[in-house]
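Asks: Okay, structure incoming, though there's no sequence with it:
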């Protein structure tokens, strides 16, 4: 689908499209899209010889702003392995997929600035990923049957035109535009076992419901959320979750669109990125949104004037 040229009030702040507004606090979204991404894009252009600059410094900047973490990597890996087994046929058996997964886990480089927490988390994930994968595969296949899908397709990118919004809505549904996989992982804890088990939700999280409502708006297909951990899996569809009925998804996406309209008003009202930032109160006490490199967190606090 073709979209008109990005309006200047959005382009001059590097805010090119909307995504799930409930995925993280708005202050973190603006910091990432308007401050960090332009810097990272510049660094990649230097590395590709598209712009002149110090390549070593550019590489260091990319590493600094890379906000990967053990649980994020583990979730991505499970989806990759599920794709290879269910869709790409790169893995003939589950054991083949597990073997490939072990190699991917060995390639991950844990954070070096959090006193070893990410490294310990990575070790927990590596120990349990085969069970998480098996449960994820069963859950995806059962969801496929429940939704009446003859075949599965992998992750696709959507750009939806939404009435009342000048910018498109972006999303990446995991499977066939209607099945979203979420993995939950045990966490490092000061217990005898050294970990705290991850339970599955009794109902989908609000953020995840907002996410799949965008997929529904674009595809008009029934949606399923599959949650997997190392012991079991749980599937939510319209059959056991009112928010996943057509009426529920429509109401949820109306909420999403309303929040996106507010953001467009903020972007239009601000003459510059600095003007935008000054009018948004940061939530530095958020449980996980600012779990980033200390130097990047310092940059954010300086930007908002909390430290000099």
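Replies: Structure received. Owing to the predicted nature of the structure, the values given are computational and were not obtained by experimental measurement.

Asks: in the stretch 51-200 of the chain, which spans are helices?
Replies: 55-65, 70-86, 94-107, 117-146 (DSSP state H, counting those that start in this stretch).

Asks: what would these look like in a markdown table with distance to residue 221 and mean neighbour count?
Replies: In this view, the C-beta of every residue, glycine as well, is placed from N, C-alpha and C. Listed next are those as a markdown table, based on distance: least, CB to CB, whole Å; neighbours: other CB atoms under 10 Å:
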| stretch | distance to residue 221 | mean neighbour count |
| --- | --- | --- |
| helix 55-65 | 35 | 15 |
| helix 70-86 | 18 | 20 |
| helix 94-107 | 27 | 14 |
| helix 117-146 | 12 | 19 |
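
Asks: Could you save the ones you listed as TSV and add columns showing distance to residue 182 and mean pLDDT?
Replies: Listed next are the helices of the stretch 51-200 of the chain as TSV, based on distance: least, CB to CB, whole Å; pLDDT from 0 to 100:
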stretch	distance to residue 182	mean pLDDT
helix 55-65	25	97
helix 70-86	8	97
helix 94-107	18	96
helix 117-146	9	97
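
Asks: and residue 28, which of those helices is closest to it?
Replies: In terms of CB to CB, the element of the helices of the stretch 51-200 of the chain nearest to residue 28 is helix 55-65, at 13.3 Å.

Asks: got a list of contacts for the closest one?
Replies: 36, 39, 40, 42, 43, 44, 46, 47, 293, 295, 296 (CB atoms under 8 Å, 6 or more residues apart in numbering).

Asks: Run through who's touching the worst-scoring helix or strand of the chain on mean pLDDT.
Replies: In the chain, no helix or strand scores lower on mean pLDDT, DSSP states H and E than strand 195-196, which sits at a mean of 89. Applying CB under 8 Å, 6+ apart, the external contacts of strand 195-196 come out as 124, 186, 187, 188, 189.

Asks: May I see the PyMOL selection of the buried members of those residues?
Replies: The buried subset of the contacts of strand 195-196, as determined by 16 or more other CB atoms under 10 Å, is captured in PyMOL by this line:
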select buried, resi 124+186+188
